[in-house]
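Q: Provide a 3D model corresponding to the input given below.
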Amino acid sequence: QVQLVESGGGLVQAGGSLRLSCAASGRTFSNYAMGWFRQAPGKEREFVAITWSGGVTSHADSVKGRFTISRDNAGNSVYLQMNSLKPEDTAVYYCAADASFLKLRRGVADYWGQGTQVTVSS
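A: Presented below is the predicted three-dimensional model:
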């Protein structure tokens, strides 16, 4: 059974940092694109960051320079280092994986985690 399990969310003050982790199991994800999305209350889910083969990454403009996506060598774990957090970063953060980078970048994925809550207080 394929699973993506996020961890590392929590409550932090504005300006603080958090590191989210996503552990994938049930198959090999080394050739998959993996990414992070978030959904704030009353808003649609939005793209945050993505990583694919060769260590290439892309980040949403809203988080560029503050968030960094990375991946372990085996390719089955992905991380999101979040610095200089703002109240508007408050959301449920989801990990996702798909064999197609283009699909995943559009927010379409074969595999999703259950989400982890990030709350940034002002």
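Q: What about the nearest residue to residue 70 once chain neighbours are set aside, how many residues nearby?
A: Take residue 70 and drop its neighbours on the chain: the residue closest to it by C-beta to C-beta, 6 or more residues apart in numbering is residue 79, 4.9 Å away. C-betas here are computed from N, CA, C, even on glycine. Look at residue 79: counted by other C-beta atoms under 10 Å, it has 19 neighbours.
Q: Walking through this structure, point out its helices one by one.
A: Secondary structure of the chain (DSSP state H): helices at 101-105.
Q: residues contacting the residue nearest to residue 70?
A: 19-22, 69-72 (C-beta atoms under 8 Å, 6 or more residues apart in numbering).
Q: Recalculate using a threshold of 7 Å.
A: 19-21, 70 (C-beta atoms under 7 Å, 6 or more residues apart in numbering).
Q: In the sheet, which residues pair with it? Tell me.
A: residue 21, residue 70 (DSSP bridges).
Q: mind checking how far it is from residue 36?
A: 9 Å (C-beta to C-beta, to the nearest Å).
Q: What of residue 62?
A: Applying C-beta to C-beta to residue 62 and residue 36 gives a distance of 12 Å.
Q: of these two, who's got more company?
A: Each of residue 62 and residue 36 has its neighbours counted (other C-beta under 10 Å); residue 36 has more, 26 against 14.
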